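Asks: When you get a sec, could you give me coordinates for this:
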Amino acid sequence: MEYSVHVRMNERLFLRDPEGSELGRRIVRQGILLFDEIGFEDATFRKLADRMGTKEASIYRYFENKHRLLVYLVAWYWQWLDFQLVFRTNNLADPHEKLERLLHLLLLTDLENPLTDDIDLRALHNIVICEASKAYLTRHVTEDNRQQLFKPYKDLVGRIAGIILELRPGYPYARSRASSLIETIHHQAFFMENLPSLTDFGQPKDQSKLLAFVRHLLFSSLAMPILD
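Replies: Numbers count the residues shown, from 1 in each chain. The predicted structure follows:
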């Protein structure tokens, strides 16, 4: 089951809050669909404006450029995911079960409603898989980090690391394990869809095998002794 949440975004991500007007909300929602359909590289504000039936200049009043829009979308997703993780594990005491819930959530295997606040979560999930690393793999990552544009991702990683430490207190690589878990799932999902020879579950595409793989990767690594 999917639950809606009001996401408060970092004001440095936009020139004008897109959630404050109907046009701004359409820019975000249609931007998701455009990025999902043709990819970040081929997307332009002109194409987005044509899709919306508006002027390109109107989009620039909300976002400085398409990279800022991408960072906005990815940050929104991390905050939504963080909320879902808290909500879905709030009544659980077993950290192993919490991590099982996390794996399903990262793959969206139990998403019943693909929309929240009119945002297409499946499309946004696809964008995160294909494009999220482009949000921070830039020459200006240090300045963007100083402005706390990646705080939602850091918060999510910190929460996952906390669950890992519940399962294995004193584990010295909790944040590295948490961030690499997210990235591994996304890379393997991308490979499964686009470069299947790089996976063991791409021909035919089998998300259940992907889930089994990341489950094995996570829990086997946490069970291993730490070598000096």
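Asks: can you map out the strands along the protein?
Replies: Along the chain, counting by DSSP state E, strands occupy 115-116, 119-120.
Asks: which neighbours does the last one have in its sheet, and in what orientation?
Replies: Taking DSSP bridges as the criterion, strand 119-120 forms sheet pairs with strand 115-116 (antiparallel).
Asks: before we move on, back to that, between the strands of the chain, which has the poorest mean confidence score?
Replies: Among the strands of the chain, strand 115-116 has the lowest mean pLDDT, at a mean of 64.
Asks: now for the strands of the chain, which one comes closest to residue 34?
Replies: With Cβ to Cβ, the closest approach to residue 34 among those belongs to strand 119-120: 11.3 Å. Quick note: C-beta positions are derived from backbone N, CA and C, even for glycine.
Asks: Buried deepest among the strands of the chain, which one?
Replies: Comparing the strands of the chain by mean neighbour count (mean count of other Cβ atoms under 10 Å), strand 119-120 comes out on top with a mean of 18.
Asks: from the middle of its chain, how far away would that strand be?
Replies: Centre-to-centre, strand 119-120 and its host chain are 13 Å apart (Cα atoms, centre = their mean, to the nearest Å).
Asks: Provide the contact partners of that strand at residue level.
Replies: 28, 29, 32, 33, 36, 76, 114 (Cβ atoms under 8 Å, 6 or more residues apart in numbering).
Asks: switch the cut-off to 10 Å
Replies: The contact list for strand 119-120 (Cβ atoms under 10 Å, 6 or more residues apart in numbering) reads 4, 7, 25, 28-29, 32-33, 36, 73, 76-77, 80, 114, 126-127.
Asks: Out of the strands of the chain, which is closest to residue 202?
Replies: Proximity to residue 202 (Cβ to Cβ) singles out strand 119-120 among the strands of the chain, at 24.5 Å.
Asks: of the contacts of strand 119-120, buried ones?
Replies: The neighbour count (16 or more other Cβ atoms under 10 Å) marks 7, 28, 29, 32, 33, 36, 73, 76, 77, 80, 126, 127 as buried among those.
Asks: pretty sure residue 83 is touching residue 89, no?
Replies: No: if you go by Cβ atoms under 10 Å, residue 83 and residue 89 don't touch, sitting 11.3 Å apart.
Asks: So the two - more neighbours on which side?
Replies: Taking other Cβ atoms under 10 Å, residue 83 and residue 89 do not tie; residue 89 has more neighbours (20 against 16).
Asks: Let me see the contact set for that one.
Replies: With Cβ under 10 Å, 6+ apart, residue 89 has these contacts: 95, 97, 98, 99, 100, 101, 102, 105, 159, 163.
Asks: ditto for residue 17
Replies: 8, 9, 11, 24, 62.
Asks: Distance check, it against residue 139.
Replies: 27 Å (Cβ to Cβ, to the nearest Å).
Asks: same question, residue 105
Replies: For residue 105, the distance to residue 139 - Cβ to Cβ - is 32 Å.
Asks: the more surrounded of these two?
Replies: Between residue 105 and residue 139, counted using other Cβ under 10 Å, residue 105 has the larger neighbour count: 18 against 6.
Asks: Which of the helices and strands in the protein ranks last by mean pLDDT?
Replies: strand 115-116 (a mean of 64; mean pLDDT, DSSP states H and E).
Asks: Let me see the confidence value for the residue nearest to residue 132 when sequence neighbours are not counted.
Replies: Nearest residue to residue 132, sequence neighbours excluded (Cβ to Cβ, 6 or more residues apart in numbering): residue 74, at 4.9 Å. Per-residue pLDDT puts residue 74 at 98.
Asks: Having no further points to raise, I will conclude here.
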